[in-house]
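[1] what's the 3D shape of this:
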Amino acid sequence: MSNLFWLSDEQMARLRSFFPKSHANPRIDDRRVLSGIIFINCNCLRWSDSPPEYGLPKTLYNRWKRWSDMGVFARMMEGLTSEAADRKAVMIDATYLKAHRTASSLRFEKGGRGRLIGRTKGGMNTKLHAVTDANGRPIKFFMTAGRVSDYTGAAALLSNLPEAEWLLADRGYDADWYREALQDKGIKPCIPGQKSRGKPVKYDKGRYKRRNRIEIMFGRLKDWRRVATRYDRCPKGFLSAIALATTVIFWL
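    The predicted structure is shown next:
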């Protein structure tokens, strides 16, 4: 059992307020089931291959599916970030997540946005757009197909940016409309100008060096095999896996 993951009493205390209320019969041990769900997601195992110490695989899967559909894992992340995020400066960036063949159907769901998977030079990918706090801990996510530009993610996350003094981003986010939108929100942009600009853009180079923290964040997030490679067809399920990984790695 030494190689298995188990939530501590302190971690359970912080998460318990986000659990849905149990109706009728009491739920099977929350610590055991949630620890098993984390272990499966981190190691990208099939549910049927879960260690027996976590209980029945069907119990783990049913809890995962039900709580994902209810948005429980997303609420865990959002709740913990609201308590502890350092928002003096925020950072924005995006990364590609490889889609496995079991997830890479391009067929659109009726009334939905499809699988959010697109064909790029590197194959079938999903693109994860993220906003982090000053310490490089994620506070907001937006997911698109791989071929979607960084500008689309920036525009989608703009209204949800927290109050901050600075926003750090690479030159892929250098656009006049984006700089103006940030200034309208009272946020100073620290973004290098595109090389094609006729007039160089001034920015705080010392502050910009801290942007490597969001790159480190993506690297740590991809240590979870179910995040690094997308096996989930359902975008909501995949985003739940990302939210759970974020909660465990950065906020517990």
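
[2] who does the lowest-mean-pLDDT helix or strand in the chain touch, helix- and strand-wise?
    The helix or strand of the chain with the poorest confidence is strand 118-120; it has a mean of 86 (mean pLDDT, DSSP states H and E). Strand 118-120 sits against strand 123-132, with contacts defined as 3 or more Cβ pairs under 8 Å, 6 or more residues apart in numbering; DSSP states H and E. C-beta coordinates here come from the backbone N, C-alpha and C atoms, glycine included.

[3] packing partners for the strand it packs on?
    Strand 123-132 packs on strand 89-99, strand 118-120, strand 138-145, helix 150-158, helix 212-221, helix 235-246, going by 3+ Cβ pairs under 8 Å, 6+ apart.

[4] Redo those as TSV? Include distance to Gly186 and mean neighbour count.
    Shown next, in TSV, are these (distance: least, Cβ to Cβ, whole Å; neighbours: other Cβ atoms under 10 Å):
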stretch	distance to Gly186	mean neighbour count
strand 89-99	12	22
strand 118-120	34	16
strand 138-145	18	22
helix 150-158	13	18
helix 212-221	21	16
helix 235-246	27	23
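
[5] Can you pull the poorly scored residue ranges out of the stretch 101-250 of the chain?
    105-113 (pLDDT under 70).

[6] related to what we said a few turns ago, with Cys44 as the reference, name the closest of the helices and strands packed on strand 123-132.
    Cys44 lies closest to helix 235-246 among these, at 9.4 Å (Cβ to Cβ).

[7] before we move on, the earlier item: so which residues lie in contact with the least confident helix or strand of the chain, not counting its own?
    Here strand 118-120 makes contact (Cβ atoms under 8 Å, 6 or more residues apart in numbering) with 96, 106, 124-127, 144-148.

[8] Going by neighbour count, which of these comes out on top?
    Thr126 (26 neighbours; other Cβ atoms under 10 Å).

[9] ok, that one to Asp204 distance?
    For Thr126, the distance to Asp204 equals 32 Å [Cβ to Cβ, to the nearest Å].

[10] Which pair of the contacts of strand 118-120 spans the longest distance?
    Within these, Tyr96 and Leu106 form the most distant pair, 16.4 Å apart (Cβ to Cβ).

[11] Any idea how many residues pack against Tyr61?
    Per other Cβ under 10 Å, the neighbour tally for Tyr61 reads 17.

[12] what residues are up against the residue lying closest to it once chain neighbours are set aside?
    Leaving out its chain neighbours, the residue that sits closest to Tyr61 by Cβ to Cβ, 6 or more residues apart in numbering is Trp47, at 4.3 Å. Residues near Trp47 by Cβ under 8 Å, 6+ apart: 40, 57-58, 60-61, 64.
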